[in-house]
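Q: Structure for this input, please:
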Amino acid sequence: MCKVTLADISEKALGIAQKNAQENGVAEKIEILQTDLWEKVKGTYHVIVSNPPYIPTATIKTLSLEVQKEPKLALDGGEDGLSFYRELFRKADQYLVSGGWLLCEIGYDQAEAVKAIWQEQKEEIGLVWEGIEKDLAGLDRVIKLRRK
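A: As a prediction, the model looks like this:
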């Protein structure tokens, strides 16, 4: 049996996730956890998937009006759009089983910058860089890291 933990800082986003889980008959397999990144996370996982805020703060106002309607919390990745990755990588290995995967969405032009963050931390963290997956448009979209 598969058990899934959905974690987010946004109560509204988690409410939508709970509703979707109920409508799809999987609510009993899902734990909903309101947390700021790792703050309330307990245990270890085989896979952690993240769609973090990765848009640079100054870029948000240049996005389409449709995207700007999204909560700023879901978009704003700090001055360079990379602040979430710095925090995510620092502790991710503590929450992954040996051989477990960390998969994160990135901005189409952020692969090298995110890899550089990993390289700066790789001696302190137990994550191995496994590559990048492209989206349907052929753009870099997901980084893949694995716990040693």
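
Q: what's the single longest strand in the protein?
A: Longest among the strand segments of the chain by residue count, using DSSP state E, is strand 96-105.

Q: can you list the residues that contact it?
A: With contact meaning CB atoms under 8 Å, 6 or more residues apart in numbering, strand 96-105 is reached by 44-52, 54, 85, 88, 92, 114, 127, 130, 141-148. In short, each C-beta sits where N, CA and C put it, glycine included.

Q: Strand partners (parallel or antiparallel) of that strand?
A: strand 45-50 (parallel), strand 140-147 (antiparallel) (DSSP bridges).

Q: Would you mind listing the buried residues in the last one?
A: Meaning strand 140-147. By neighbour count with 16 or more other CB atoms under 10 Å, strand 140-147 contains the buried residues 140-143, 145-147.

Q: so can I have a markdown table of those showing distance to Ile16 and pLDDT?
A: Below are the buried residues of strand 140-147 laid out as a markdown table (distance: CB to CB, whole Å; pLDDT from 0 to 100):
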| residue | distance to Ile16 | pLDDT |
| --- | --- | --- |
| Asp140 | 28 | 98 |
| Arg141 | 23 | 98 |
| Val142 | 22 | 98 |
| Ile143 | 26 | 98 |
| Leu145 | 28 | 97 |
| Arg146 | 30 | 97 |
| Arg147 | 30 | 96 |
